[in-house]
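**Q** Pasted the sequence and its predicted model underneath.
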Amino acid sequence: LSQAAGEGGGAQGGGGGSGSGSREAVERLVREHPVVVFMKGSPAQPLCGFSNAVVQILRLHGVEDYRAHDVLQDPDLRQGIKNYSNWPTIPQVYLNGEFVGGCDILLQMHQNGDLVEELKKLGIRSALLDAEKDQEKK
């Protein structure tokens with residue numbers, strides 16, 4: 001709560017909320033696409049194991065169309081997203097503007113089937129559903 005006091009101060013100036021780490025900027029990013037990932041590196045070249053795991057899980061589900069933001073390129077964003085979600089680590093995954101969690105939570109959702117359901121709500125059909133069908137045919 002103590003950090004909230006410092007944030008409101010810039011509002012009267014008008015220019016206070018324009019930095020890439022500001023709540024407004026972060027909120028725009030999390031809402032710009034149904035699936036948004038804040039990670040270290042890029043999907044093509046993740047720079048940490050946890051970011052890589054998130055990319056691999058999305059790939060397993062056939063989710064190719066998502067926004068990835070490399071927090072290593074932008075220290076303000078890196079801190080801003082942690083403040084926004086109140087979650088201390090990167091990567092962070094957002095579905096439909098809602099913070100889902102990091103690598104461990106995404107992995108859990110992947111394992112218990114929740115991720116398939118959450119993607120379905122976004123109108124994204126998980127590739128794993130088709131993979132299971134293929135298994136049944138054999």
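**A** Sure, I can see it.

**Q** Strands of this protein, start to end?
**A** Along the chain, counting by DSSP state E, strands occupy 35-39, 67-70, 92-95, 98-101.

**Q** Please name the strands paired to the longest one in the sheet, noting orientation.
**A** Applying DSSP bridges, strand 35-39 is found paired with strand 67-70 (parallel), strand 92-95 (antiparallel).

**Q** would JSON lines of those with mean neighbour count, mean pLDDT and distance to Ala127 be doable?
**A** Bear in mind the C-beta positions are built from the backbone N, C-alpha and C, glycine included. Written out in JSON lines, the entries for the strands paired with strand 35-39 read as follows (neighbours: other C-beta atoms under 10 Å; pLDDT from 0 to 100; distance: least, C-beta to C-beta, whole Å):
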{"stretch": "strand 67-70", "mean neighbour count": "20", "mean pLDDT": "98", "distance to Ala127": "18"}
{"stretch": "strand 92-95", "mean neighbour count": "24", "mean pLDDT": "98", "distance to Ala127": "16"}
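
**Q** Nearest the geometric middle of the chain, what residue?
**A** Centroid check for the chain by C-alpha atoms, centre = their mean gives Val93 as the closest residue, at 2.2 Å.

**Q** Now do the contacts for that residue.
**A** Shown in contact with Val93 (C-beta atoms under 8 Å, 6 or more residues apart in numbering): Val35, Val36, Val37, Val54, Phe99, Val100, Gly101, Gly102, Ile105, Leu106.

**Q** The closest residue to Gly41 other than its chain neighbours and Arg23, how far apart?
**A** Here the nearest residue to Gly41 in space, its sequence neighbours aside, is Leu47; by C-beta to C-beta, 6 or more residues apart in numbering that works out to 3.2 Å. Leu47 sits 26 Å away from Arg23, taking C-beta to C-beta, to the nearest Å as the criterion.

**Q** got it, and Leu95?
**A** Using C-beta to C-beta, which is the criterion applied here, Leu95 is 19 Å from Arg23.

**Q** And the helices in the protein, which stretches?
**A** 2-8, 23-31, 49-60, 75-85, 103-112, 114-121, 127-137 (DSSP state H).
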